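Student: just to be clear, the model below is a prediction. Sequence and coordinates:
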Protein chains: 2
Amino acid sequence: MNEKWMREAIKQAIKAEQKDEVPIGCVIVKDDQIIARAYNQREKKQISTAHAEILAIEKACKKLGSWRLDGCELYVTLEPCPMCTGAIIQSRIDKVYFGAYDFKGGCLGSNTNLLDVKGFNHYPEVEGGLLKEECASLLTSFFRKKRKSKK
Amino acid sequence: MNEKWMREAIKQAIKAEQKDEVPIGCVIVKDDQIIARAYNQREKKQISTAHAEILAIEKACKKLGSWRLDGCELYVTLEPCPMCTGAIIQSRIDKVYFGAYDFKGGCLGSNTNLLDVKGFNHYPEVEGGLLKEECASLLTSFFRKKRKSKK
């Protein structure tokens, strides 16, 4: 079941790639249904906060009419950055599944683990590495093409 | 000069208070001019990301037509949370001035310091405690009133 939702997040990442955005996708699931889907749109929107997770969280809040996303699970193809990890904490999301590990920006264990910091209002459960090869290969092939096109 | 901009952030915090939101305000300054003003709107919007800093950053990006806020300074009345600290990093903001310290959620030194983590793409300069008494008193009086109204 978890892989099924991650595959939906991957579909979102592919949409990002088709629009020449770094291919990262996200879905939010509640009661066994997707309530929000989004992909990275930083370049198109030219807004620094337009990461897949932030856009999905905002859609989910609008859908539920609440800033509290209790009972929700978030699936994202890349380990969240500090901003997105913070947004997950702020949203009280129950559980995060991420695909590829990010040893540079990842804040759920790879570079640092924000959930090790005491005192925040909420701590989601986390499972990393779900379909990580597929998620990572989208990113590596995107950056490979980018480098080639620059030559 | 810095106090002048923080007073503008405080004006935004007062707007939040008037709308029964936790009184936190933010302005972003570039070339000696305010390019974005915002206040916390989490309750009204019912969106978990609607913190003063996120809303101000999004306005500044739209104003400049760029997700890169190079050359910008951000003034906020309360030390940023993990999400907002992350958004500041993602936006490449030059310098952050914050007012009151937040020993629970503050991620620029009070609870933790996200800028101590190596490997991110950007590290802003930070100055904390600017007009901290005024900034903090807005918050303490807001929560005092809230507690009284619940009795």
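Tutor: Arrived safely.
Student: from here on, just use CA atoms for contacts and neighbour counts.
Tutor: OK.
Student: which residues of chain A lie near chain B?
Tutor: A:42-43, A:46-49, A:54, A:57-58, A:61-62, A:65-68, A:81-87, A:90-91, A:104-105, A:111-112, A:117-120 (Cα under 8 Å from any Cα of the partner chain).
Student: so among those residues, which ones count as buried?
Tutor: Buried by 16 or more other Cα atoms under 10 Å in any protein chain shown: A:42-43, A:46-49, A:54, A:57-58, A:61-62, A:66-68, A:81-87, A:90-91, A:105, A:111-112, A:120, out of those.
Student: okay, and which of the residues of chain A next to chain B map to helices?
Tutor: A:42-43, A:54, A:57-58, A:61-62, A:82-87, A:90 (DSSP state H).
Student: what sits closest to A:Ala60 if chain neighbours are left out?
Tutor: A:Ala36 (5.2 Å; Cα to Cα, 6 or more residues apart in numbering or on different chains).
Student: who's in contact with the one you found?
Tutor: A:27-29, A:56-57, A:59-60, A:63 (Cα atoms under 8 Å, 6 or more residues apart in numbering or on different chains).
Student: same check on A:Gln46?
Tutor: Contacts for A:Gln46 (Cα under 8 Å, 6+ apart) come out as B:61-62, B:65-67.
Student: neighbours around A:Asn121, how many?
Tutor: 11 (other Cα atoms under 10 Å in any protein chain shown).
Student: hang on, it packs against A:Ser91?
Tutor: No: the criterion here is Cα atoms under 8 Å, and A:Asn121 misses it with A:Ser91 at 9.9 Å.
Student: please, which helix or strand holds the most centrally placed residue in chain A?
Tutor: Compute the mean C-alpha point of chain A, and by Cα atoms, centre = their mean the closest residue is A:Val76, 3.2 Å away. Using DSSP states H and E, the element containing A:Val76 is strand A:72-78.
Student: what about A:Lys15, distance to A:Phe98?
Tutor: 18 Å (Cα to Cα, to the nearest Å).
Student: which one of the two has more residues nearby?
Tutor: A:Phe98 (25 against 20).
Student: give me the helices and strands touching the helix or strand harbouring the more buried one, please.
Tutor: Applying DSSP H and E as the criterion places A:Phe98 in strand A:95-100. Applying 3 or more Cα pairs under 8 Å, 6 or more residues apart in numbering or on different chains; DSSP states H and E, we find strand A:95-100 packed against strand A:72-78, strand A:125-128, helix A:132-150.
Student: rerun at 10 Å
Tutor: helix A:2-18, strand A:25-30, strand A:72-78, helix A:82-90, strand A:125-128, helix A:132-150 (3 or more Cα pairs under 10 Å, 6 or more residues apart in numbering or on different chains; DSSP states H and E).
Student: mean confidence score for it?
Tutor: If you average the pLDDT over strand A:95-100, you get 98.
Student: repeat that for stretch A:129-148.
Tutor: Stretch A:129-148 comes out at a mean pLDDT of 96.
Student: mind listing what's buried along it?
Tutor: A:129-132, A:135-136, A:138-139, A:142.
Student: quick one: it to chain centroid distance?
Tutor: Its chain's C-alpha centre and that of stretch A:129-148 lie 15 Å apart, by Cα atoms, centre = their mean, to the nearest Å.
Student: now the residue nearest to A:Ala60, what's its secondary structure?
Tutor: strand (DSSP: H, G, I helix; E, B strand; the rest coil).
Student: ok, what's across the strand from it?
Tutor: Listed beta-bridge partners, A:Ala36: A:Ile28 (assigned using DSSP bridges).
Student: and the pLDDT for it?
Tutor: pLDDT, A:Ala36: 98.
Student: same check on A:Gly86?
Tutor: pLDDT at A:Gly86 comes out at 98.
Student: contacts only, for it.
Tutor: A:54, A:80, A:107, A:114-115, A:120, B:49, B:81-87 (Cα atoms under 10 Å, 6 or more residues apart in numbering or on different chains).
Student: mind redoing it with 6 Å?
Tutor: Going by Cα atoms under 6 Å, 6 or more residues apart in numbering or on different chains, A:Gly86 touches B:82-83.
Student: for it, give its distance to A:Leu64.
Tutor: 20 Å.
Student: ok, now A:Gln41?
Tutor: 23 Å.
Student: more crowded one of those two?
Tutor: A direct count of neighbours by other Cα under 10 Å for A:Gln41 and A:Leu64 places A:Gln41 higher, at 24 against 13.
Student: any idea how far the more buried one lies from A:His51?
Tutor: 6 Å.
Student: now A:Lys148
Tutor: Taking Cα to Cα, one finds A:Lys148 at 25 Å from A:His51.
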